[in-house]
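*Asks:* Predicted model and sequence follow; I will ask about them next.
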Amino acid sequence: MALHLGVLRSAAAAGLALALLIPAQAQETTGSVSGLPVPRFVSLKPSDTPLREGPSKDHRIKWLFKKEGVPVEIIAEFENWRRVRDSDGDDGWVFHSRLSGRRTAQINPRLKQPDLPLFARDSENAQVVARLQPGVIGNVEQCSGRWCRINGEGFEGWLQQDRLWGVYPGERIR
């Protein structure tokens, strides 16, 4: 019996150690407050949205997002606060009402290509309708898992999904 309890204690300790090593957002599939998937992409509603060090107005503001529609990834929830990550990998806390479920995406700012072709259809053989620079933000209309249809000020067309930040690889959006 002592050996059996020792094995159980070891297994429980190993499970606890593993749970402590895995980040909380990797363990959680739905938000504890919203019931929505975590992580998930959303966008900023208003400009001048403060990103705080912690989930309250008592925490210091790290910086202000200055542009509406910027895609961010929600990686945690706490009461009315959402921990978000931006395309640079920086994270902090934003009050939930400053976020929108509207899907936007950014031409991946890490791409070295100076401008990317936006196509009339979801094919590299289609007509190029615009050229977009890394960092440009557009509204996501749909994604097939390989291509996304996006639009913005003065452009509308299809871009390879892996060139966007704000949608997951293989994600389908209708």
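*Replies:* Ah, there it is.

*Asks:* Show me what P50 is bridged to.
*Replies:* L64 (DSSP bridges).

*Asks:* My guess is it contacts H59. True?
*Replies:* No - assessed by Cβ atoms under 8 Å, P50 is found out of contact with H59, at 9.6 Å. C-beta: built from backbone N, CA, C; applies to glycine.

*Asks:* between these two, who's got more neighbours?
*Replies:* Between P50 and H59, counted using other Cβ atoms under 10 Å, the more crowded position is P50 (17 against 14).

*Asks:* Just the pLDDT at G54, thanks.
*Replies:* For G54, the model assigns a pLDDT of 98.

*Asks:* Please disregard the earlier target; I meant L16.
*Replies:* 35.

*Asks:* Next: P46.
*Replies:* pLDDT, P46: 84.

*Asks:* pretty sure it is touching S97, no?
*Replies:* No - P46 lies out of contact with S97 (Cβ under 8 Å); the separation is 9.3 Å.

*Asks:* Who has more neighbours out of those two?
*Replies:* Per other Cβ under 10 Å, whichever of P46 and S97 has more neighbours is P46, with 12 against 9.

*Asks:* Count the residues that sit near the nearest residue to C143 once chain neighbours are set aside.
*Replies:* In space, C143 comes closest to I173 once its chain neighbours are excluded; the distance is 4.2 Å by Cβ to Cβ, 6 or more residues apart in numbering. Neighbours of I173 under the rule other Cβ under 10 Å: 17.

*Asks:* Touching, I173 and W147? I think so.
*Replies:* No - counting by Cβ under 8 Å, I173 sits too far from W147 to count as a contact (10.9 Å).

*Asks:* middle-most residue in the protein, spatially?
*Replies:* E73 (2.5 Å; Cα atoms, centre = their mean).

*Asks:* Just the buried positions in whichever strand or helix holds that one, please.
*Replies:* Taking DSSP states H and E as the definition, E73 sits inside strand 71-78. Residues 71-77 are the ones in strand 71-78 that count as buried (16 or more other Cβ atoms under 10 Å).

*Asks:* and R163, what are its phi and psi?
*Replies:* Backbone geometry at R163, expressed as degrees, to the nearest 10, gives phi -100, psi 0.

*Asks:* if we can go back for a sec, got the CA positions of the strand holding E73 in CSV?
*Replies:* This file holds the C-alpha atoms of strand 71-78, laid out as CSV (Å, rounded to 0.1, in the frame of the first residue of the first chain):
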residue,chain,number,x,y,z
PRO,A,71,-5.6,43.8,-34.5
VAL,A,72,-4.7,42.4,-31.0
GLU,A,73,-4.8,38.9,-29.6
ILE,A,74,-6.6,38.3,-26.3
ILE,A,75,-4.4,35.9,-24.3
ALA,A,76,-6.2,36.1,-20.9
GLU,A,77,-9.2,37.5,-19.1
PHE,A,78,-9.8,39.0,-15.7
